[in-house]
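what's the 3D shape of this:
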Amino acid sequence: MILKSIFKEIGFVSRYKKLCIKHNDFDNRLRANNNKIFLEKLKTIDNSVVYLSKDKMFKIYFPHDNYSLDLGISVKNGLVEVFLFYIKDEEWLLYNRFDGYAEELDETFDREIHNIPKYTSEKELEVILKEVFSIYEDMKKEIVK
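Model prediction:
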(Lines give C-alpha, C1' and ligand atoms only; values in the text may rest on other atoms or scores of the structure.)
Protein backbone atom coordinates (compact mmCIF):
# COMPACT_ATOMS: atom_id res chain seq x y z
CA MET A 1 0.00 0.00 0.00
CA ILE A 2 1.23 3.46 -0.90
CA LEU A 3 1.90 5.62 2.20
CA LYS A 4 1.83 2.56 4.47
CA SER A 5 4.86 3.79 6.40
CA ILE A 6 3.20 7.15 7.01
CA PHE A 7 -0.02 5.54 8.23
CA LYS A 8 2.03 3.42 10.63
CA GLU A 9 4.25 6.31 11.77
CA ILE A 10 1.29 8.42 12.88
CA GLY A 11 -0.58 5.53 14.54
CA PHE A 12 -3.46 5.90 12.10
CA VAL A 13 -5.34 2.68 12.85
CA SER A 14 -5.34 3.06 16.63
CA ARG A 15 -6.30 6.74 16.43
CA TYR A 16 -9.15 6.14 14.01
CA LYS A 17 -10.41 3.12 15.95
CA LYS A 18 -10.37 5.12 19.20
CA LEU A 19 -12.33 7.91 17.48
CA CYS A 20 -14.97 5.46 16.23
CA ILE A 21 -15.29 3.73 19.61
CA LYS A 22 -15.69 7.02 21.46
CA HIS A 23 -18.25 8.40 18.99
CA ASN A 24 -20.54 5.50 18.18
CA ASP A 25 -24.08 6.33 19.33
CA PHE A 26 -26.01 5.52 16.16
CA ASP A 27 -29.48 5.57 17.77
CA ASN A 28 -29.07 9.08 19.19
CA ARG A 29 -27.12 10.67 16.36
CA LEU A 30 -28.03 14.21 15.34
CA ARG A 31 -29.99 13.85 12.12
CA ALA A 32 -29.92 17.49 11.08
CA ASN A 33 -28.21 18.41 7.80
CA ASN A 34 -27.03 21.98 7.39
CA ASN A 35 -24.01 22.41 5.14
CA LYS A 36 -23.74 26.10 6.02
CA ILE A 37 -23.26 25.27 9.72
CA PHE A 38 -20.91 22.39 8.86
CA LEU A 39 -18.80 24.66 6.65
CA GLU A 40 -18.59 27.28 9.42
CA LYS A 41 -17.39 24.62 11.88
CA LEU A 42 -14.84 23.26 9.43
CA LYS A 43 -13.54 26.75 8.60
CA THR A 44 -12.76 27.33 12.29
CA ILE A 45 -10.36 24.36 12.04
CA ASP A 46 -8.99 24.98 8.53
CA ASN A 47 -9.96 28.06 6.56
CA SER A 48 -9.06 26.42 3.22
CA VAL A 49 -12.05 24.04 3.34
CA VAL A 50 -14.36 24.18 0.33
CA TYR A 51 -17.71 22.54 -0.30
CA LEU A 52 -18.08 20.57 -3.53
CA SER A 53 -21.81 20.38 -4.18
CA LYS A 54 -21.54 17.83 -7.01
CA ASP A 55 -19.62 15.46 -4.70
CA LYS A 56 -21.68 16.45 -1.64
CA MET A 57 -18.53 16.74 0.44
CA PHE A 58 -16.14 19.21 1.97
CA LYS A 59 -12.59 19.06 0.69
CA ILE A 60 -9.18 20.24 1.75
CA TYR A 61 -6.30 20.18 -0.72
CA PHE A 62 -2.62 19.74 0.12
CA PRO A 63 -0.43 19.94 -2.97
CA HIS A 64 3.21 18.97 -2.48
CA ASP A 65 5.63 18.67 -5.39
CA ASN A 66 3.67 16.83 -8.12
CA TYR A 67 1.46 15.07 -5.54
CA SER A 68 -1.69 16.07 -3.72
CA LEU A 69 -2.90 14.65 -0.41
CA ASP A 70 -6.53 15.66 -0.09
CA LEU A 71 -9.08 15.15 2.64
CA GLY A 72 -12.78 14.71 1.87
CA ILE A 73 -15.44 14.92 4.55
CA SER A 74 -19.12 14.11 4.18
CA VAL A 75 -21.24 15.17 7.15
CA LYS A 76 -24.88 14.14 7.20
CA ASN A 77 -27.48 12.54 9.43
CA GLY A 78 -25.10 12.36 12.39
CA LEU A 79 -22.38 10.56 10.45
CA VAL A 80 -18.89 11.77 9.52
CA GLU A 81 -17.48 9.95 6.50
CA VAL A 82 -13.82 10.77 5.96
CA PHE A 83 -11.95 10.10 2.72
CA LEU A 84 -8.29 10.44 1.84
CA PHE A 85 -7.12 10.96 -1.73
CA TYR A 86 -3.51 10.72 -2.87
CA ILE A 87 -2.98 11.96 -6.41
CA LYS A 88 0.15 12.22 -8.57
CA ASP A 89 -0.02 14.18 -11.81
CA GLU A 90 -3.80 13.70 -11.92
CA GLU A 91 -3.50 9.92 -11.40
CA TRP A 92 -5.45 8.72 -8.37
CA LEU A 93 -3.05 6.52 -6.37
CA LEU A 94 -5.23 6.20 -3.26
CA TYR A 95 -8.93 6.80 -2.79
CA ASN A 96 -10.78 5.34 0.17
CA ARG A 97 -12.59 6.10 3.37
CA PHE A 98 -10.57 6.13 6.59
CA ASP A 99 -12.12 2.83 7.69
CA GLY A 100 -11.04 1.22 4.43
CA TYR A 101 -7.43 2.22 5.02
CA ALA A 102 -7.62 1.00 8.63
CA GLU A 103 -8.87 -2.38 7.43
CA GLU A 104 -6.08 -2.65 4.83
CA LEU A 105 -3.44 -1.81 7.43
CA ASP A 106 -4.71 -4.02 10.25
CA GLU A 107 -6.58 -7.24 9.58
CA THR A 108 -8.05 -7.13 13.11
CA PHE A 109 -9.78 -3.80 12.39
CA ASP A 110 -13.50 -4.57 12.18
CA ARG A 111 -15.16 -2.26 9.68
CA GLU A 112 -18.59 -3.48 10.68
CA ILE A 113 -18.07 -2.08 14.19
CA HIS A 114 -15.64 0.82 13.63
CA ASN A 115 -16.76 2.21 10.31
CA ILE A 116 -17.51 5.92 10.75
CA PRO A 117 -17.81 8.25 13.75
CA LYS A 118 -21.27 9.40 14.75
CA TYR A 119 -22.17 12.63 16.54
CA THR A 120 -25.09 13.42 18.84
CA SER A 121 -24.49 17.18 19.08
CA GLU A 122 -22.68 19.99 17.32
CA LYS A 123 -20.07 19.96 20.09
CA GLU A 124 -19.39 16.27 19.49
CA LEU A 125 -19.12 16.98 15.76
CA GLU A 126 -16.43 19.58 16.51
CA VAL A 127 -14.47 17.07 18.61
CA ILE A 128 -14.62 14.49 15.80
CA LEU A 129 -13.57 17.02 13.15
CA LYS A 130 -10.64 18.25 15.24
CA GLU A 131 -9.30 14.70 15.61
CA VAL A 132 -9.77 14.01 11.89
CA PHE A 133 -7.82 17.17 11.10
CA SER A 134 -5.15 16.20 13.61
CA ILE A 135 -4.66 12.89 11.80
CA TYR A 136 -4.57 14.69 8.44
CA GLU A 137 -2.08 17.30 9.69
CA ASP A 138 0.22 14.55 10.96
CA MET A 139 0.06 12.86 7.55
CA LYS A 140 0.94 16.14 5.82
CA LYS A 141 3.95 16.63 8.11
CA GLU A 142 5.21 13.14 7.29
CA ILE A 143 4.73 13.72 3.55
CA VAL A 144 7.02 16.77 3.54
CA LYS A 145 9.79 15.08 5.57
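
mind listing what's buried along the helix or strand bottoming out on mean pLDDT in the chain?
Lowest on mean pLDDT, DSSP states H and E among the helices and strands of the chain sits helix 35-45, with a mean of 87. Neighbour-count burial for helix 35-45 flags Phe38, Lys41, Leu42, Ile45 (criterion: 16 or more other Cβ atoms under 10 Å). For glycine as for every other residue, the C-beta is placed from the backbone atoms N, C-alpha and C.

and what of stretch 44-54?
Across stretch 44-54, burial judged by 16+ other Cβ under 10 Å covers Ile45, Val49.

and stretch 138-145, by the same measure?
Across stretch 138-145, burial judged by 16+ other Cβ under 10 Å covers Asp138, Met139, Glu142.

which of the residues you listed lies closest to Ser121?
The nearest member of the buried residues of stretch 138-145 to Ser121, counting by Cβ to Cβ, is Asp138 at 26.0 Å.

ok, now which ones touch the closest one?
Ile10 (Cβ atoms under 8 Å, 6 or more residues apart in numbering).

element containing it, please.
Asp138 is part of helix 122-144, with elements assigned from DSSP states H and E.

just the angle for that helix relative to helix 35-45, thanks.
Relative orientation of helix 122-144 versus helix 35-45 (axes from the mean of the first three to the mean of the last three Cα atoms, to 10 degrees): 50 degrees.

ranges for the strands of the protein?
With DSSP state E as the criterion, the chain has strands at 50-52, 57-60, 63-64, 67-76, 79-88, 91-97.

columns distance to His23 and mean pLDDT on top of those strands, output as a markdown table?
Shown next, in a markdown table, are the strands of the chain (distance: least, Cβ to Cβ, whole Å; pLDDT from 0 to 100):
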| stretch | distance to His23 | mean pLDDT |
| --- | --- | --- |
| strand 50-52 | 22 | 93 |
| strand 57-60 | 18 | 95 |
| strand 63-64 | 30 | 94 |
| strand 67-76 | 13 | 95 |
| strand 79-88 | 8 | 96 |
| strand 91-97 | 15 | 94 |
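
right, I'll leave it there.
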